[in-house]
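Predicted model, plus sequence, below.
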Amino acid sequence: MRIGSRREDDFEINVISLIDVLLTLLMFFVLSTTFVEHSRLKVNLPKADSQARESTDNALTLVVDRDGHYSVGSDEVLGEGIEPLKATIERVAGNDRDRLVVIRADAMTPHQNVVRAMDALGQVGFTRLSIATTPSEAGPAR
């Protein structure tokens, strides 16, 4: 008779350390992922020497392409004129009229289309507007 010997069927694998490593890797990938908002409309932003200082984390984005098509958030505006645009803005924004609205207009967009977007936002009740730009290659003149 053997005292203190283990039986063959008592074999076990400790997976707790493996789970810890997997959770650490999962957290690393979640935190290091870049979250990019992909727009349906292709927009070439105009260039400017200065950048806006206000945070745009919770901002509502209104995109205007060079052909006069509008997109609010990720929803494309269907129809012509200001009424479908206002309806889409109200549906996407809900009741929050204090949000910042960033207008992303193509550099070749006619001025009338941007003014129509600003007019629709004003009629719906938004007062905080910002026009997105990209920084120019040359720094500000000194």
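Sure, I can see it.

which residues does residue 102 contact?
Contact analysis of residue 102 by Cβ atoms under 8 Å, 6 or more residues apart in numbering lists 56, 59, 60, 61, 62, 130, 131, 132. For the C-beta atoms, the positions are set from N, CA and C on the backbone; glycine is no exception.

Now the phi/psi pair for it, please.
phi -100, psi 120 (degrees, to the nearest 10).

And stretch 91-107, end to end?
Its start and end residues considered, stretch 91-107 measures 27 Å (Cα to Cα, to the nearest Å).

er, stretch 63-78 I mean
Start-to-end span of stretch 63-78 (Cα to Cα) is 13 Å.

So which of the contacts of residue 102 sit within strands?
Using DSSP state E to define strands, the subset of the contacts of residue 102 located there is 60, 61, 62, 130, 131.

closest to residue 25 among these?
Of all those, residue 61 has the smallest distance to residue 25: 32.5 Å, by Cβ to Cβ.
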